[in-house]
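Q: Provided below are the primary sequence and the corresponding predicted coordinates.
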Amino acid sequence: MDETKVLVVEDEAPIRKLISINLNRAGFKVLEAESSEEALEIVKESDPMVAVLDVMLPGVDGFTLCSYLRDKSPNMVIIMLTAKGQDTDKINGLEIGADDYMVKPFNPMELIARIKANLRKIHIVNKPSTDVVRLNDMEIDLSAQRFFRKEQEIELTPTEFAIMKMFLQNPDKALSRHDILDLVWGESYFGDIKIVDVNVRRIREKIEDNPSEPKIIETVWGVGYRVRGEK
């Protein structure tokens, strides 16, 4: 693979070096930072495609950094590193725009697998077969990675974009959370199934007229979610 740039933001040097060594061996170009402030300078200069962020950073924490990066770099893949057992950290990270999370301690090879799975969603590995998919008042441009509703562009994260692509390509089909995990994250994904619900909730906040009463992404009770076909 080409040298995709991965920014590793971790203040504990041994952990940061362990991650960096393994990412280098996997063919990634690694950029290291031990604080949010240092990370922002690197982002300005190098524009990495992936960021691996520890939650507990000195000064500006990982959540704040994640929120800033998501706002400035909507196509960046962001993976949070959380402490064992801190479920609120996981949910908070996903709510503010992270694509995935890893719980410490973790196997560096699993982190690499997660990064590759998330990169697939932004067409680095799999190129789209059709450029534009339309459904009702929605349109998704696969080559440009852009989503529109009522002719207005709505900015989606790579994960949100991949989920909407899946829905628009499978109208009227009730997809279980496990189906969505397999189609979007890949069958080898080992993460928490709650990541599906968090991302669907984020998408609804962006595309629904009334997110509390969704009309586009419907909940299929006991199954998962569905987007209706032509109306």
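A: It's in.

Q: what's the residue closest to the geometric middle of this structure?
A: By C-alpha atoms, centre = their mean, the chain has its centre lying nearest to Asp99, at 2.4 Å.

Q: give me every residue that touches it.
A: By C-beta atoms under 8 Å, 6 or more residues apart in numbering, Asp99 lies in contact with 77-79, 118, 157-159. Quick note: C-beta positions are derived from backbone N, CA and C, even for glycine.

Q: Mind doing that once more with 6 Å?
A: Applying C-beta atoms under 6 Å, 6 or more residues apart in numbering to Asp99 gives the contacts 77-78, 118, 159.

Q: so how far is Asn136 from it?
A: Per C-beta to C-beta, to the nearest Å, Asp99 is found 27 Å from Asn136.

Q: What of Glu32?
A: As judged by C-beta to C-beta, Glu32 and Asn136 stand 46 Å apart.

Q: again, but for Asp209
A: Per C-beta to C-beta, Asp209 is found 13 Å from Asn136.

Q: Tell me which of those two has more neighbours.
A: A count of neighbours by other C-beta atoms under 10 Å puts Asn136 above the other of Asp209 and Asn136, at 15 against 10.

Q: after the helix or strand of the chain with the lowest mean pLDDT comes which helix or strand?
A: One helix or strand of the chain scores below all others by mean pLDDT, DSSP states H and E: helix 87-95, with a mean of 75. Going down the chain from helix 87-95, the next helix or strand is strand 100-103, by DSSP states H and E.

Q: partners of that following strand, with directions?
A: The strands that strand 100-103 pairs with in its sheet are strand 77-82 (parallel) (by DSSP bridges).

Q: hey, C-alpha coordinates of the strand it pairs with in CSV?
A: Below are the C-alpha coordinates for strand 77-82, written out as CSV (Å, rounded to 0.1, in the frame of the first residue of the first chain):
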residue,chain,number,x,y,z
VAL,A,77,-10.4,8.6,10.0
ILE,A,78,-10.3,9.2,13.8
ILE,A,79,-9.7,6.3,16.3
MET,A,80,-9.9,7.0,20.0
LEU,A,81,-7.8,5.2,22.6
THR,A,82,-9.8,4.8,25.8
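
Q: how much does that strand deviate in direction from helix 87-95?
A: 170 degrees (axes from the mean of the first three to the mean of the last three C-alpha atoms, to 10 degrees).

Q: What lies in contact with strand 77-82?
A: Contacting residues not belonging to strand 77-82 are listed as 50-55, 66, 89-90, 93, 98-104, 118, 158 [C-beta under 6 Å, 6+ apart].

Q: try it again with 8 Å
A: Residues from elsewhere that reach strand 77-82, judged by C-beta under 8 Å, 6+ apart: 10, 49-55, 62, 66, 69-70, 89-90, 93, 97-104, 106, 111, 114-115, 118-119, 122, 158.

Q: same check, this time on stretch 8-18
A: By C-beta under 8 Å, 6+ apart, stretch 8-18 touches 19-20, 23, 30-36, 38-39, 51-54, 56-58, 62, 65, 81, 104, 108.

Q: Now do the buried residues in that stretch.
A: 8-11, 15-16, 18 (16 or more other C-beta atoms under 10 Å).

Q: Distance of the closest residue to Val223 other than its chain neighbours relative to Asp141?
A: Distances taken as C-beta to C-beta, 6 or more residues apart in numbering place Ala174 nearest to Val223, at 4.9 Å, with adjacent residues excluded. Per C-beta to C-beta, Ala174 is found 26 Å from Asp141.
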